[in-house]
Structures are given as C-alpha cells and as structure tokens.
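Enquirer: Prediction below, plus the sequence it came from.
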Amino acid sequence: MRLPIALIAAGAILAAPAAAALDGKDLPSKFGGAALATQTNGTGFGDNYSEADQLFGESAVAGVHIGVTGNIEQNGNPLILFLDTMAGGSNVLNAAGGTYKVTNANGLTFDDDFAPDFAVEVDAFGGQLYGNYINLQTGENAYVGQSKIQPTGSGDYGFLNPAISFAYDNSNTAGVTASDATGAATATTGIEFLLDPTFFGLAPGASFKLLALFNGQGGDYLSNQFLPGLPAGTGNLGNPKNVDLRQYAGNQFVTVPGGGGAVPEPASLSLLAFGLLPLIRRKK
C-alpha cells in the first residue's frame, strides 16, 4: 500500500499568483525559450516513450521551477531529477532509502563537481503516474502521490502537496526520434515541477546544480536520455554500477540560475502554500 505525504503546511510561505498554470504545457515559453540543456541523442528507450528533449529551470524566492519536455513511458521507466543544493551529498550514488528505482542505481559515479543531496523520481504504470522523494544524505524518503494518466493529447494532471508539485502533459509527438536528436527543441510539452527550496536545503532564490536522466523499470539499466545530453552517438549506458560520468566529455549537470521571477501555480489553487513535511517512509 502506498501512503501519501501528509498535506500539512507549517509556517507556510505563499507564492505570488502567476499568469501560467502548472500543467506541463508550453514549457519553452514559460522559461522564455532559454533551455539549460538540449538532448544530443535519439532515445534508446523508444521515440515518444522514455524521451527527455530539453531541460528548463529557474530558482525563485517563490519556488524552484523545473521543466523537462518529452514523454514518460507507462512501463515503470523512471525519470529522475538529482539535485545538488548543499555541501556534502553523494558523488558516488549511495541512496540508503526510498524507491528501488533510485537505490538500484547505487554505484553510479557523477562528475567531480556534482554530489546530489536529493532525488525526485516519477514513473508511470498501469494508467497511473507516481512520484517519490529521497534525501540522499539522510535516507529519509516519501511517496509524493499518484494521479490517473489521461489519454495521449488530452493533457493536464499532476499532484499537489506543500513541498512538491508536478503536472504532466503526455501529448508530445515531436522532439527526438529513436535515431535522431536534431528535433529535440521542437517538443513543447512534458513534465513540470514546482519545489519548495527550503525543503531541499536551498536558500530561496539561490542557484543549484541539476541532472535529469531516465533509468529502467528495475532501476538498474540507464538509458542514453540524460540532460545535459551525453556525447552525440552514445547508446544506453546499462548497469549504473558500471557507469562513471567523468569518462564522458562535458559536464553531466547544469546550474539552475537563481533570482528568477514569478513561477506557475497549480491550477487547483490561487496561492501555493509551501511548508515543512513530515517524512513518511514509502510503504508497499
């Protein structure tokens, strides 16, 4: 049985209303067209299935706003965000708690200048979209929530709790193909996150480092869909324990800039309340 995080906002901070809703639509326009990373490889997990086209992000006082254009296949392949927000962290992944889709990737070696402190993982299966959170420093983890996946092309869905909100639009048919990445920037829909910075150990409006990647159903087989992209022509990486990202040219992380402005709000609320969450360990 999956238990959701209690929806409790303690010492809430209210974000100012924004013109756009958190819905996974029109992501490039919401970030002013400024992608932090663009895919360099056709997807080894299948066109319009597990596909990460572009990565967007900004860190504002009102919240951390992240967008990934593309698709999440309904077979359990997870999209994982790794966030490096404070000192310490896990330069060689050593997740002590949480979903096996992250812990089975233990042994993955990141770039020298990247030691993530948190992971946020989303996956789709059986018509449902699921979300999980892991503190990589303490092992604390929580199941964020789930929502029924809408038919392709019909759009908006997501979940809301005081610290982690996200919404997903599954209508993308553009972007990369299985063999060609030249159309990566043509994708406009995907998954969109709004995070409480303080919950992730980040001063409101401060910059931080970020990596997005697709893993396999069992958490033990990495695709080639990394953002930032791996060198052009790179195939699926396979077992994370055998992967050392220092062997690949370029930085396998981006810096999300600080000082951003207004951020989107979940369509269900006029104001987004952030607060401290009790961490309930995810149960099956």
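Expert: On my side now, so go ahead.
Enquirer: So the closest residue to residue 112 other than its chain neighbours: helix, strand or coil?
Expert: Spatial nearest neighbour of residue 112, chain neighbours left out: residue 246 (6.3 Å); criterion: C-beta to C-beta, 6 or more residues apart in numbering. All C-beta spots, glycine's among them, are computed from the backbone N, C-alpha and C. Under the three-state scheme (DSSP: H, G, I helix; E, B strand; the rest coil), residue 246 adopts helix.
Enquirer: And residue 246, how close does it get to residue 171?
Expert: To residue 171, residue 246 is 37 Å away according to C-beta to C-beta, to the nearest Å.
Enquirer: who's more crowded, the two?
Expert: Set side by side, residue 246 and residue 171 show more neighbours around residue 171, with 19 against 13, by other C-beta atoms under 10 Å.
Enquirer: still on that earlier bit, unless I'm misreading it, the residue nearest to residue 112 sits right up against residue 111, doesn't it?
Expert: Yes. Assessed by C-beta atoms under 8 Å, residue 246 is found in contact with residue 111 at 5.8 Å.
Enquirer: contacting residues around stretch 243-256?
Expert: Stretch 243-256 is contacted from outside by 36-37, 55, 57-59, 64, 66, 82, 84, 108-114, 207-211, 222, 226-228, 230-231, 234, 237, using C-beta atoms under 8 Å, 6 or more residues apart in numbering.
Enquirer: Who is the nearest residue to residue 195 once chain neighbours are set aside paired with across the strands?
Expert: Ranked by C-beta to C-beta, 6+ apart and with sequence neighbours excluded, the top spatial neighbour of residue 195 is residue 64, at 4.2 Å. Assessed by DSSP bridges, residue 64 has beta-bridge partners residue 59, residue 195.
Enquirer: Start the count at 140 instead of 1 going forward.
Expert: With the count now opening at 140, the last piece we talked about shows up as residue 203.
Enquirer: what's around residue 203, how many residues?
Expert: Neighbour count for residue 203, taken as other C-beta under 10 Å: 28.
Enquirer: And residue 395, by the same measure?
Expert: The burial count for residue 395: 24, using other C-beta under 10 Å.
Enquirer: State the distance from it to residue 374.
Expert: Residue 395 is 28 Å from residue 374, by C-beta to C-beta.
Enquirer: again with residue 334
Expert: Residue 334 is 32 Å from residue 374, by C-beta to C-beta.
Enquirer: For these two, indicate the residue with more neighbours.
Expert: Just comparing residue 334 and residue 374: by other C-beta under 10 Å the higher neighbour count belongs to residue 334, 25 against 11.
Enquirer: Next up, the contacts around the more buried one.
Expert: 202-203, 205, 259, 302-304.
Enquirer: of the residues you listed, buried ones?
Expert: Buried members of the contacts of residue 334, scored by 16 or more other C-beta atoms under 10 Å, are 202-203, 205, 259, 302-304.
Enquirer: Which one of the residues you listed is nearest to residue 171?
Expert: residue 205 (14.5 Å; C-beta to C-beta).
Enquirer: Of all the residues in stretch 319-331, which ones are buried?
Expert: Under 16+ other C-beta under 10 Å, the buried positions of stretch 319-331 are 320, 323-324, 326-331.
Enquirer: Closest one of the contacts of residue 334 to residue 190?
Expert: Checking these against residue 190 by C-beta to C-beta gives residue 205 as the nearest, at 16.7 Å.
Enquirer: The host helix or strand of the closest one: how far from the chain's middle?
Expert: Using DSSP states H and E, residue 205 maps to strand 202-210. How far strand 202-210 lies from its chain's middle: 7 Å, per C-alpha atoms, centre = their mean, to the nearest Å.
Enquirer: what's the offset of the next helix or strand after it from the middle of its chain?
Expert: Downstream of strand 202-210, the first helix or strand assigned by DSSP H and E is strand 218-223. A distance of 6 Å separates the centroid of the chain from that of strand 218-223, by C-alpha atoms, centre = their mean.
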